[in-house]
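[1] build me a model from this:
(one chain, ligands or ions: 3)
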Amino acid sequence: MSESTVRKLNLLPMFGHTKGKRSPITCALKCDNACSGDVCNTSSNSYFRDIASAAVSRRAALGLGAAGALAVVLGGNLGGAQPASAAGTEAGLSAAAKIGLQKSKLSFTAIKPVDAAVDKFTVPAGFTWQPIIRWGDSLFADSPAFDINNQTAAAQARQFGYNNDYTDILPVPGSKDRRALLFTNHEYTNEGIMFPATLPAAEVRAIGRAAHGLTVVELERQNKNKPWTYVKGAPLNRRYLTDTVYELTGPAAGSELVKTIDDPAGRWIKGTLGNCSGGTTPWGTILSGEENFNGYFVSAGTSSSDKRYGLTSKPTSRQWELDEQRFDTRNAGYANETNRFGWVIEVDPFDPSSTPKKRSAMGRFKHEGANVIVAESGHVVAYMGDDERFDYLYKFVSKQKYQPGDTAAARRHNMDLLSEGNLYVAKFTGNSPAAEIDGTGKVPADGAFDGTGEWLPLVVDGASAVAGMTVAEVLVYTRLAADKVGPTKMDRCEDVQPSLHSGKVYVVCTNNSDRGKPGKEGATEVNPRTLNRDGHIVEITETGDQTSTVFNWNLLMVCGDPAQGDVTYFSGYPVDKVSPISCPDNVAFDSVGNLWISTDGAPSGIGYNDGLFKVTLEGEERGKVEQFLSVPRDAETCGPVIHDEERTVFVAVQHPGEEGTFDAPHSYFPDYVQAGVTPAAGQVRAPRPSIVQVFRTDS
Ligand code: FEO
Ligand code: CA
Ligand code: CA
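    Residues are numbered from 1 along each chain as shown. Ligands and ions are numbered 1, 2, ... in the order given. As a prediction, the model looks like this:
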């Protein structure tokens with residue numbers, strides 16, 4: 001069998017297993033068919049039923065009067081993090097509620113949902129859009145121009161990579177609003193639409209590798225009312241590739257569990273893989289989650305840890321194991337290679353010569369991302385989801401405290417905060433009788449899906465809190481450790497983000513097509529729908545400081561399309577007055593604390609293209625969902641950035657035209673070159689994952 005035949009066979013998706021999920025091709029390439037395979041979490045870790053005695057008042061669950069729980073961001077102008085909110089109360093309203101009543105500076109009329117067959121980027125009346133940077137765009141002075149029919153690995157390594165997820169735009173200090181850094185990651189590749197079928201398989205694999213990793217690129221604009229353009233050859237531009245070396249930090253660094261023949265010290269790891277969402281820290285670094293790393297490795301697939309992390313002995317889709325021994329852990333000296341992925345990485349985009357880090361103290365699982373907040377006590381708290389059906393929600397609390405200010409010394413100190421601290425996993429308890437959680441999404445008699453919760457310790461004060469496991473074992477095999485302490489099995493936690501306005505934490509559960517199936521856990525109050533196709537969002541209010549080990553929670557929304565008869569809940573807001581929304585994934589906040597949600601999977605849920613939605617969190621309109629934009633055919637919306645004070649929104653458009661082929665594209669985004677027309681310089685007639693800016697036409 002020729003290599004190119006092998007390539008085609010291995011790229012064939014597994015059809016028929018994607019109901020309530022994204023496209024079969026995305027499933028195969030992005031998640032290694034996670035949803036068609038067995039559930040990784042087969043632990044007998046109980047699913048508690050609702051405990052009526054754990055009642056909390058609706059008022060407490062909503063955080064009213066809980067001003068003491070407010071955390072503040074202390075200084076940190078570099079990071080692009082949102083400004084600190086004014087703590088305190090007035091006339092019985094918490095600071096959060098007061099802020100929520102303010103008007104966002106980005107007003108718009110919600111767009112209508114767009115049918116999933118439409119290959120169009122849709123924005124509200126009065127707005128327009130423009131790509132900032134596209135797959136293949138040249139980053140460096142010596143980068144060749146993109147030529148889709150004559151691609152090489154050497155060229156791709158000097159060009160913008162494929163499929164972006166987490167994205168942020170950080171102002172360059174002192175640039176008078178005219179300069180910024182754009183960070184984004186390159187989660188995965190789709191060889192079937194990237195390359196002509198005639199390209200040799202070995203070249204396909206090499207270009208594919210070069211299209212992974214991360215990109216930092218400088219942006220410029222004339223003034224803050226003008227759109228950004230990227231600067232080719234700018235000094236801070238950087239591509240992080242599969243051979244870029246990352247330093248493993250924290251308690252697992254140097255342990256036997258992470259050593260390989262290439263790295264006997266267990267501290268230096270080549271590359272980052274499957275980077276999904278992320279977060280920006282108040283000290284100006286970027287975090288990115290290594291999510292579906294298992295899809296890049298061949299393993300024995302027989303150990304409990306291989307099974308728990310979805311590692312198998314089948315050839316991978318991309319077959320990099322043919323080129324590098326480390327991608328088959330059965331090769332001598334590479335047994336631990338998979339233990340070197342599945343971490344949160346931290347990079348300093350302002351220093352292109354810096355060594356990026358992998359943070360072992362934050363645990364190893366299929367990290368969606370990580371978002372931090374500085375607690376009142378000064379400790380830094382990171383919230384993290386493990387995006388797999390029936391997996392868990394985690395929290396990290398730094399040992400050291402944040403140092404405010406923009407001095408070099410403070411920044412150096414803060415850049416080590418995520419290397420040491422406590423790690424917890426969440427257990428949720430509902431307060432309604434189990435019989436009232438019927439699996440349909442119908443709200444129980446007390447009027448809310450709500451209750452209390454605990455952060456169960458895994459590592460505390462440098463010691464393991466899990467019987468029979470060392471700290472290094474807990475951090476490397478975090479899923480196995482968590483199974484032992486009884487956390488709540490969730491419906492695929494994606495972004496988990498604290499509001500810097502209110503301190504409340506938003507946990508995005510994207511869907512879980514297996515909940516309630518025979519042999520699988522059924523509905524619980526915090527995951528209240530069986531065969532959960534459309535997802536829901538949990539709102540957590542920590543009790544006291546953000547470092548607390550107990551919390552209250554309620555569901556902000558249970559997603560779907562009320563017009564199609566889905567049972568939904570939007571915190572009591574009338575369901576006939578919301579934009580339909582399905583498969584929430586990434587979130588962001590605007591300057592007054594509204595929540596913005598991007599979606600991934602809506603086409604197979606409610607039949608519309610994915611999009612970006614604004615959700616009001618406080619006041620009379622709490623729960624109101626308004627669709628702001630819709631991405632083109634087969635794409636998901638990622639990495640939202642809301643600069644509403646400049647009336648600008650940014651999104652990553654990931655995998656446009658995913659289900660097409662190179663010869664028969666499903667999308668022509670973003671260049672939209674017409675058939676028979678010679679493309680203008682820099683354009684191609686093919687889909688290109690891109691970072692897009694949306695701004696007012698009167699800007
Ligand atoms: Fe890459 Fe959890 O989405
Ligand atoms: Ca309840
Ligand atoms: Ca995601």
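[2] run the chain-centre distance for stretch 439-454.
    26 Å (C-alpha atoms, centre = their mean, to the nearest Å).
[3] what about that stretch, how long is it end to end?
    24 Å (C-alpha to C-alpha, to the nearest Å).
[4] buried residues in it?
    Using 16 or more other C-beta atoms under 10 Å as the test for burial, stretch 439-454 gives 439, 441, 443, 444, 446, 448, 449, 450, 451, 452, 453, 454. C-beta here means a position set from N, CA and C on the backbone, and glycine is covered the same way.
[5] and ligand 2, is it touching that?
    Yes: using C-beta under 5 Å from the ion, stretch 439-454 reaches ligand 2 at 444, 446, 448, 450.
[6] low pLDDT regions in this protein?
    The chain contains residues with pLDDT under 70 at 1-22, 46-102.
[7] now the residue in it positioned nearest to ligand 2: closest residue in space, sequence neighbours ignored.
    The minimum distance from the chain to ligand 2, using C-beta to the ion, falls at residue 432 (3.6 Å). Distances taken as C-beta to C-beta, 6 or more residues apart in numbering place residue 444 nearest to residue 432, at 3.6 Å, with adjacent residues excluded.
[8] test my guess that the one you found contacts residue 433.
    Yes: Residue 444 sits in contact with residue 433 when judged by C-beta atoms under 8 Å, with a separation of 7.4 Å.
[9] does residue 690 touch residue 131 like I think?
    Yes: under the criterion of C-beta under 8 Å, residue 690 makes contact with residue 131 at 4.3 Å.
[10] is it possible to get CSV of the residues of stretch 439-454 next to ligand 2 that adds secondary structure?
    Shown next, in CSV, are those (DSSP: H, G, I helix; E, B strand; the rest coil):
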residue, secondary structure
444, coil
446, coil
448, coil
450, strand
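[11] quick one: which of those is nearest ligand 1?
    Closest approach to ligand 1 among these (C-beta to the nearest ligand atom): residue 450, at 25.2 Å.
[12] which residue comes closest to the closest one once chain neighbours are left out?
    Residue 450 sits nearest to residue 554 (C-beta to C-beta, 6+ apart), 3.7 Å away.
[13] tell me the one of the buried residues of stretch 439-454 nearest residue 248?
    residue 454 (29.9 Å; C-beta to C-beta).
[14] for the closest one, helix, strand, or coil?
    Applying three-state DSSP: residue 454 is strand.
[15] contacting residues around it?
    426, 427, 429, 549, 550, 551 (C-beta atoms under 8 Å, 6 or more residues apart in numbering).
[16] do residue 187 as well
    If you count contacts by C-beta under 8 Å, 6+ apart, then residue 187 has 30, 163, 164, 165, 274, 275, 276, 291, 654 around it.
[17] the strands in the stretch 551-699 of the chain, which residues?
    Here the stretch 551-699 of the chain has its strands, by DSSP state E, counting those that start in this stretch, at 584-589, 595-599, 611-615, 625-630, 636-643, 648-654, 690-696.
[18] turn the ones you listed into CSV, including distance to residue 513.
    Shown next, in CSV, are those (distance: least, C-beta to C-beta, whole Å):
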stretch, distance to residue 513
strand 584-589, 15
strand 595-599, 16
strand 611-615, 21
strand 625-630, 22
strand 636-643, 17
strand 648-654, 21
strand 690-696, 30
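[19] of the ones you listed, which is nearest ligand 1?
    strand 584-589 (6.1 Å).
[20] my guess is the residue of the chain closest to ligand 2 contacts residue 443, does it?
    No: here residue 432 lies out of contact with residue 443, judged by C-beta under 8 Å, at a distance of 9.1 Å.
[21] what is the neighbour count of the residue nearest to residue 363 when sequence neighbours are not counted?
    The shortest distance from residue 363 to any non-neighbouring residue, by C-beta to C-beta, 6+ apart, is to residue 478 (3.8 Å). For residue 478, the neighbour count with other C-beta atoms under 10 Å is 29.
[22] residue contacts, residue 478?
    363, 364, 365, 394, 423, 458.
[23] isn't the first one up against residue 394?
    Yes: using C-beta under 8 Å, residue 363 is in contact with residue 394, at 6.0 Å.
[24] what about those two, which has more around it?
    The neighbour count for residue 363 versus residue 394, taken as other C-beta under 10 Å, is higher for residue 363 (30 against 26).
[25] hmm, back to that, by neighbour count, which of the contacts of residue 454 wins?
    residue 426 leads those on contacts (other C-beta under 10 Å) with 27 neighbours.
[26] looking at this, that residue is in a strand?
    Yes: the assignment for residue 426 by three-state DSSP puts it in a strand.
[27] got the residue ranges for the helices in the stretch 251-400 of the chain?
    Along the stretch 251-400 of the chain, counting by DSSP state H, counting those that start in this stretch, helices occupy 304-308.
[28] spell out which parts of it neighbour ligand 1.
    276, 291, 368, 387 (C-beta under 6 Å from any ligand atom).
[29] the first one: neighbour count?
    In other words, residue 276. 30.
[30] kindly report the same for the second one.
    Other residues within reach of residue 291 by the criterion other C-beta under 10 Å amount to 30.
[31] thinking again about what came up before, would a markdown table of the strands of the stretch 551-699 of the chain with mean neighbour count and distance to residue 155 be doable?
    Converted to a markdown table, those look like this (neighbours: other C-beta atoms under 10 Å; distance: least, C-beta to C-beta, whole Å):
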| stretch | mean neighbour count | distance to residue 155 |
| --- | --- | --- |
| strand 584-589 | 26 | 30 |
| strand 595-599 | 28 | 30 |
| strand 611-615 | 25 | 32 |
| strand 625-630 | 24 | 31 |
| strand 636-643 | 25 | 25 |
| strand 648-654 | 27 | 22 |
| strand 690-696 | 23 | 18 |
